[in-house]
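Undergrad: Just to be clear, the model below is a prediction. Sequence and coordinates:
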Amino acid sequence: MKTLPDLLASENLAAKLIANGIHLDLTPALKQCIAEKVARLLRHEPRIDRVRIDLDHDKTKGVARFVAKGRIEIQGPDIIASVDDRDAYKAIDLLVDKLDAALRRRAGKKTGPRNDPKHQLAE
């Protein structure tokens, strides 16, 4: 397992990742978890400009919940997702899975009859 400085040095992750804690302070372990998960996203799609992860600790409904919000800034429309859970690490994991699925859907939309070589007219 890579340490946080190794992750930040690789793929210029420090310039592309913004992690904020709302109503809580992000511990080094939470920051490392976020960096590891976001590094996975950057491996799949290198054209990502910036990834913003906000982790909110919501205590308003009597039960402490963690709301993880993510925004991927990429060419074209940004990808936005939100997940809530009782565990902060699980919320981050679910959020990155959701963002990864959205990136895959977006990549699948780019291959249509016009862009797919199988559907090109024979010359």
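TA: Now that the structure is in, tell me what you want to look at.

Undergrad: In contact with residue 91, which residues?
TA: 55, 66-68, 83-85 (C-beta atoms under 8 Å, 6 or more residues apart in numbering). The way it works is simple: take the backbone N, C-alpha and C, and place the C-beta from them, glycine included.

Undergrad: For the residues you listed, could you give me CSV that also reports pLDDT?
TA: What follows is those, written out as CSV (pLDDT from 0 to 100):
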residue, pLDDT
55, 95
66, 94
67, 95
68, 96
83, 96
84, 93
85, 94
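
Undergrad: Now do the residue nearest the centre of the chain against residue 89, distance only.
TA: Closest residue to the average C-alpha location of the chain: residue 96 at 4.6 Å, with C-alpha atoms, centre = their mean. Using C-beta to C-beta, to the nearest Å, residue 96 is found at 11 Å from residue 89.

Undergrad: Tell me where the chain is predicted with low confidence.
TA: By pLDDT under 70, the low-scoring segments of the chain are 1-11, 109-123.

Undergrad: mind running it again at 90?
TA: Low-confidence segments of the chain, defined by pLDDT under 90: 1-16, 23, 39-48, 58-64, 75-77, 104-123.

Undergrad: which stretches of this protein form helices?
TA: For the chain, the helices defined by DSSP state H occupy 4-9, 13-16, 28-44, 88-109.

Undergrad: mind checking which of the ones you listed is nearest residue 60?
TA: Closest of the helices of the chain to residue 60 is helix 88-109, at 16.2 Å (criterion: C-beta to C-beta).
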